[in-house]
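In: give me a model of this one.
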Amino acid sequence: MKKNWKNLHITLRIGILGLLIGTSPILILIGLDSLGVLDAGNALGPGILAFISFWPSIILIAIGSVLTFLKRRKASI
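Out: Numbering: from 1, shown residues only. A predicted model of the protein is given here:
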């Protein structure tokens, strides 16, 4: 797994980490609220974090995917 992670372009890695860090708090709160473990109420902080980090992460993942594809294609030639 570590070998595959190192082969990805840095832009793709940053996008994946940004998506995980930005959206995981709100997803955890939604999951705990649906299970009845926690009454999330108004999850304003995690919601704003997810809103701010989602689209830049998606853009970085798209650009990084193209750059990773080009890097692997160049290495195979």
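In: ok, for the residue most central in space within the chain, nearest residue in space, not its chain neighbours?
Out: The structure's the chain has its C-alpha centroid closest to residue 19; by Cα atoms, centre = their mean the separation is 1.9 Å. Excluding the flanking residues, the one nearest residue 19 by Cβ to Cβ, 6 or more residues apart in numbering is residue 57, at 3.9 Å. Bear in mind the C-beta positions are built from the backbone N, C-alpha and C, glycine included.
In: that neighbour touches residue 22, doesn't it?
Out: Yes: using Cβ atoms under 8 Å, residue 57 is in contact with residue 22, at 6.2 Å.
In: count of residues packed around residue 50?
Out: 19 (other Cβ atoms under 10 Å).
In: before we move on, which element is it in?
Out: Element membership of residue 50 [criterion: DSSP states H and E] is helix 44-76.
In: quick one: low-confidence parts of the chain?
Out: 1 (pLDDT under 70).
In: rerun at 80
Out: 1-3, 40-41, 77 (pLDDT under 80).
In: what about stretch 11-29, distance to the chain center?
Out: Computed by Cα atoms, centre = their mean, to the nearest Å, the chain-centroid distance of stretch 11-29 equals 3 Å.
In: for stretch 43-55, buried residues please.
Out: Buried residues in stretch 43-55, counted by 16 or more other Cβ atoms under 10 Å: 43, 46, 49, 50, 53.
In: the fourth one against residue 21, yeah?
Out: The one in question is residue 50. No: counting by Cβ under 8 Å, residue 50 does not reach residue 21; the two are 10.1 Å apart.
In: between the two, which contacts overlap?
Out: Common contacts of residue 50 and residue 21 (Cβ atoms under 8 Å, 6 or more residues apart in numbering): none found.
In: include distance to residue 15 when you put the buried residues of stretch 43-55 into JSON lines, please.
Out: As requested, these are exported to JSON lines (distance: Cβ to Cβ, whole Å):
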{"residue": "43", "distance to residue 15": "24"}
{"residue": "46", "distance to residue 15": "19"}
{"residue": "49", "distance to residue 15": "16"}
{"residue": "50", "distance to residue 15": "15"}
{"residue": "53", "distance to residue 15": "10"}
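In: if anything else comes up later, I'll come back, but that's it for now.
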